[in-house]
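Got a predicted structure here, sequence first:
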Amino acid sequence: MTNHEDDPHKPLRDDVRLLGTLLGETLKEQAGVELFEAVEEVRRQAKDSRTGDRGQLESLARDLAETPMALTLPLARAFSQFLNLANIAEQHHRVRRRRAYLSDPSALPQRGSCLAAFRSLIDDGMTPDELHRAVSSLRIELVLTAHPTEVTRRTVLLKFNRIAELLAERDRGDLTLPEQEELIEGLRREVHSIWETDEVRHERPTPADEARRGFVVIEQVLWASVPRFLRNMDRALLELTGRPLPADAAPVHFGSWMGGDRDGNPNVTPEVTEEICLLSRWVAADRLEREVHALRDELSMIEAGRELRDRVGQVHEPYRVYLRGVRDRLRATRDHIEARLAGGEPDERPIYEDGEELAESLRLCRRSLSETGEDRIAAGRLLDLQRQLACFGLSLVRLDLRQDAARHTEAIDALTRRSGLGSYADLDETERQRFLLQRLEGDHPEIPLDLESDSAVWDVLETFRMAARQPPGSLGAYVISMARAPSDVLAVEFLQRAARVSPALPVVPLFETVDDLRGASRALGQLLDLPWYRDRIRGKQEVMIGYSDSAKDGGRLAAAWELYTAQESMVQTCRERGVHLTLFHGRGGTVSRGGGPTYLAIQSQPPGSVQGDLRITEQGEMIQAKFGLPGIAARTLEVYTTAVLEAAQSPAAPAPDEWRSLMAQLARNSRSVYRSFVENEQFIRYFRAATPIEELDGLNIGSRPSRRRAAGGLESLRAIPWVFAWTQMRMMAPSWLGVGEALQRAIDDDKLPVLREMYVGWPFFRSTLNLVEMVLAKTAPRVAELYEQRLVPSDLRPLGRDLRLRHTRTIDALLAVTGQQRLLEENPVLRRSIDVRNPYVDPINMVQVELLRRLRGAGGDGRLRDALLVTINGVAAGMRNTG
């Protein structure tokens with residue numbers, strides 16, 4: 001690898017330049033010189049408009065509006081593809097920089113690495129035994145979810161990964177000239193292939209399509225990255241405690257909502273969920289069979305321990321003989337699942353139903369190797385396989401089920417009416433609890449679920465019957481959206497018992513809106529005070545908190561504080577009752593939906609809220625960003641692990657009362673401003689006109705509708721498309737609206753010194769403002785104004801002018817608190833990345849504006865919709881975290 005100590009980012013610029021050159025060559029060859037020259041001219045004008053006056057940007061917008069569609073669409077595609085290529089280069093550069101750092105013998109351990117975190121805890125007084133216990137007992141579950149605004153096709157993502165692999169190969173320092181030329185030719189082929197690939201989905205993806213997309217990341221990256229990451233953890237533990245990580249320890253697991261999240265998605269039926277459970281188990285069986293096959297090749301030794309010899313007899317290669325049976329049973333398991341997926345009848349060969357039986361077979365091999373002095377061999381592929389099995393099991397991921405609390409009420413109401421017990425829905429909360437507990441405690445006859453009912457009720461009841469059919473480990477938790485009261489949890493427990501789900505799934509209430517978060521601790525306390533429920537949970541309770549709806553409800557700053565205080569209250573409620581609380585964070589990719597740097601996000605949680613375990617969602621495009629390349633995946637897993645460990649073992653000090661009081665005031669003032677803006681009777685009209693929100697449902701992006709109901713205002717719109725639409729027009733208002741006014745009011749009250757103390761000394765406050773700062777740096781008010789000029793009726797435009805004025809004031813107030821002269825002054829790498837992207841994103845926005853104008857006057861022309869999706873892809877690529 002070439003050394004670039006003086007300019008560590010030169011290799012990145014070289015990669016971007018190379019990929020841009022190859023794209024230019026492709027444009028000339030495939031689309032003609034005219035397109036290439038047009039792209040270069042638009043890029044030049046866009047770059048000049050960033051430093052020139054407003055007239056240059058408007059002139060470029062007019063030129064693009066007058067460009068024939070035959071040229072406009074390829075222009076947008078060209079800029080979009082360059083942004084995707086730049087993203088690939090940046091991701092690869094992150095891996096390159098990390099490898100260079102780890103190759104330097106004089107470098108200190110990287111911040112967030114296992115070695116750095118373990119040393120810090122030892123230095124703070126933790127004993128080696130305590131550290132080993134804490135690390136071995138970590139349990140972090142990353143829950144992969146589909147994204148209703150996920151825009152990149154899986155076919156294209158695979159090509160992106162191939163480009164990253166070729167860039168990595170080019171970094172080798174021993175390449176011959178022919179090898180260098182072949183790698184460049186390989187990159188040229190991939191860029192050419194992407195240009196010739198239709199990036200537009202012509203059919204809406206199904207939940208099964210979305211699940212397969214998640215499986216690809218696991219198969220191609222995470223399957224190998226998990227044992228590699230755990231080996232690094234092993235080395236750090238050995239160095240500082242003298243003991244390795246236990247072979248069956250799995251600090252990180254994976255869950256999924258893809259195919260299990262039925263809240264508002266009619267496409268997720270019980271049949272779909274069952275199919276995806278089978279698909280997941282098929283992938284796990286296939287990967288495990290391959291690993292056991294490779295392990296047979298490695299364990300060719302002729303000596304074995306007595307226990308293994310007793311199993312196989314006096315044979316020449318005992319491990320290979322023994323593992324042949326394991327391999328064949330895994331093949332039978334895979335074939336059994338294939339037959340069920342095809343609707344056929346599986347054969348009678350024995351299969352693996354539970355991972356423990358397979359795990360014991362691997363432990364037997366390990367004991368045998370240890371008995372014969374082959375510990376070094378045991379620590380190779382066998383150990384990796386044990387860890388893969390501990391992490392992924394026989395189901396690859398555990399699939400959560402999610403449904404709205406109101407749907408359970410409807411189902412039970414239908415059952416009680418059919419059984420002559422009156423209306424469950426008409427009961428108050430106390431009566432509902434009494435009714436459910438009587439049946440859960442066995443004091444009343446069970447109510448059968450064999451009910452002839454409408455499709456909505458049947459779907460709920462059949463979901464529970466389907467859950468009862470699944471083998472152990474296939475399903476994770478049952479998450480209740482819009483949970484507000486103990487009866488919401490008891491209702492799911494009742495339906496599980498009626499369907500004979502065994503073992504019963506953990507039931508997880510999800511508190512989402514600001515009001516629900518405020519009432520979460522009270523509802524949780526009432527639930528935990530029920531003796532039947534306390535016996536049921538055996539001292540462990542999981543609660544999910546939703547970042548998206550709370551931010552849509554009250555704005556980002558108010559939502560952040562409500563989430564913080566709700567966690568504090570729930571932790572205290574559980575501590576008083578001797579219950580261990582696991583928090584499940586429903587975070588998205590964007591700041592307004594809880595996104596942001598992982599380490600900072602976990603470290604800024606309330607003290608005591610992270611207790612060695614954590615569940616968290618990874619959504620849509622963030623799955624590719626965090627786990628798409630092996631090097632990045634390993635680093636992501638490491639950062640999650642060390643952040644959770646440090647937050648649990650060395651939590652931040654509680655904030656002083658003065659800071660908390662001021663933060664509460666900021667939250668109130670911010671929410672007031674936010675609500676006054678979005679509750680303006682003209683606001684919904686402005687939002688629908690200025691953004692592509694109305695067009696999103698007509699594009700084949702995700703399987704889930706963008707609205708909870710066909711009509712209605714802001715409350716009917718899902719949080720993800722709400723954020724996504726604002727991101728497309730480059731204002732991203734949900735992430736900052738209300739923040740500036742709240743900060744300025746505190747500054748006017750002579751609180752600036754206190755605000756600066758909070759920014760320096762309170763991780764929660766600093767991370768919140770830093771994330772708002774990042775969003776503000778990505779906004780483009782002048783581009784947003786173009787949307788307004790061409791799409792918004794004149795009587796609504798004052799709303800846009802007001803929004804842009806608030807934007808300017810927010811930047812001024814934020815800089816006053818942080819003490820910086822310009823946004824991202826302390827993060828020059830991100831600042832440069834945004835500045836480089838803007839001249840490529842701006843033209844795509846201008847094309848999008850024109851497409852929206854034409855679409856709204858053309859009555860749904862299919863070609864225009866395809867072109868619009870190309871621009872949505874491009875803006876998403878440029879903004880990185882989209883919705």
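Cool, got the structure. Numbers count the residues shown, from 1 in each chain.

going forward, measure contacts and count neighbours with C-alpha atoms only.
Noted.

Tell me which residue lies nearest the centroid of the chain.
The structure's the chain has its C-alpha centroid closest to residue 618; by C-alpha atoms, centre = their mean the separation is 1.5 Å.

helix/strand/coil for residue 453?
Secondary structure assignment for residue 453 (DSSP: H, G, I helix; E, B strand; the rest coil): coil.

burial of it, as a residue count?
By other C-alpha atoms under 10 Å, the residues close to residue 453 number 14.

and it, what are its phi and psi?
Main-chain torsions, residue 453, degrees, to the nearest 10: phi -150, psi 180.

what's the offset of stretch 104-118 from the middle of its chain?
With C-alpha atoms, centre = their mean, to the nearest Å as the basis, stretch 104-118 stands 26 Å off its chain's centre.

and that stretch, how far apart are its ends?
Stretch 104-118 has an end-to-end distance of 20 Å (C-alpha to C-alpha, to the nearest Å).

still on that earlier bit, within the helices and strands, which one has the residue nearest to the centre of the chain?
Counting by DSSP states H and E, the element that carries residue 618 is strand 613-619.

who touches that strand?
For strand 613-619, the external contacting residues (C-alpha atoms under 8 Å, 6 or more residues apart in numbering) are 138-147, 582-589, 644.

and the next helix or strand after that strand, what other elements does it pack with?
Once the chain leaves strand 613-619, the next helix or strand it forms, by DSSP H and E, is helix 621-627. Here helix 621-627 touches helix 207-217, helix 630-649, going by 3 or more C-alpha pairs under 8 Å, 6 or more residues apart in numbering; DSSP states H and E.

try 7 Å this time
On a contact count with 3 or more C-alpha pairs under 7 Å, 6 or more residues apart in numbering; DSSP states H and E, helix 621-627 meets helix 630-649.

ok so, going back, just the buried ones from the contacts of strand 613-619, in PyMOL syntax?
To isolate the buried ones among these in PyMOL, judged by 16 or more other C-alpha atoms under 10 Å, type:
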select buried, resi 138+139+140+141+142+143+144+145+146+147+582+583+584+585+586+587+588+589+644
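
Keep only those of the contacts of strand 613-619 that are in helices.
If you go by DSSP state H, the contacts of strand 613-619 have residue 644 in helices.

Go through the helix or strand where residue 178 lies and flag the buried ones.
For residue 178, the element it lies in under DSSP H and E is helix 177-195. Buried residues in helix 177-195, counted by 16+ other C-alpha under 10 Å: 180, 183-184, 186-188, 190-192, 194-195.

can I get these in JSON lines with distance to residue 495 and pLDDT?
What follows is the buried residues of helix 177-195, written out as JSON lines (distance: C-alpha to C-alpha, whole Å; pLDDT from 0 to 100):
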{"residue": "180", "distance to residue 495": "63", "pLDDT": "95"}
{"residue": "183", "distance to residue 495": "58", "pLDDT": "97"}
{"residue": "184", "distance to residue 495": "59", "pLDDT": "97"}
{"residue": "186", "distance to residue 495": "56", "pLDDT": "97"}
{"residue": "187", "distance to residue 495": "55", "pLDDT": "97"}
{"residue": "188", "distance to residue 495": "57", "pLDDT": "96"}
{"residue": "190", "distance to residue 495": "52", "pLDDT": "96"}
{"residue": "191", "distance to residue 495": "53", "pLDDT": "96"}
{"residue": "192", "distance to residue 495": "54", "pLDDT": "96"}
{"residue": "194", "distance to residue 495": "49", "pLDDT": "93"}
{"residue": "195", "distance to residue 495": "51", "pLDDT": "93"}
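
can I get these in CSV with distance to residue 740?
Converted to CSV, the buried residues of helix 177-195 look like this (distance: C-alpha to C-alpha, whole Å):
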residue, distance to residue 740
180, 52
183, 50
184, 49
186, 49
187, 46
188, 47
190, 45
191, 43
192, 46
194, 42
195, 43
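
Can you pick out the most distant pair from those residues?
The most widely separated members of the buried residues of helix 177-195 are 180 and 195, with 22.9 Å between them, by C-alpha to C-alpha.

Other residues contacting stretch 269-288?
Stretch 269-288 is contacted by residues 208, 259-260, 330, 333-334, 337, 341, 394-397, 459, 462-463, 466, 474 when judged by C-alpha atoms under 7 Å, 6 or more residues apart in numbering.

so where's the stretch 351-500 of the chain uncertain?
Counting by pLDDT under 70, the stretch 351-500 of the chain contains low-confidence ranges at 443-445.

Repeat that for the stretch 501-650 of the chain.
Where the stretch 501-650 of the chain drops to pLDDT under 70, the residues are 588-596.

again, only using 80
548-549, 587-597, 620-621 (pLDDT under 80).

Do a quick rundown of the strands in it.
Taking DSSP state E, counting those that start in this stretch, the strands of the stretch 501-650 of the chain run over residues 507-511, 540-546, 580-586, 613-619.
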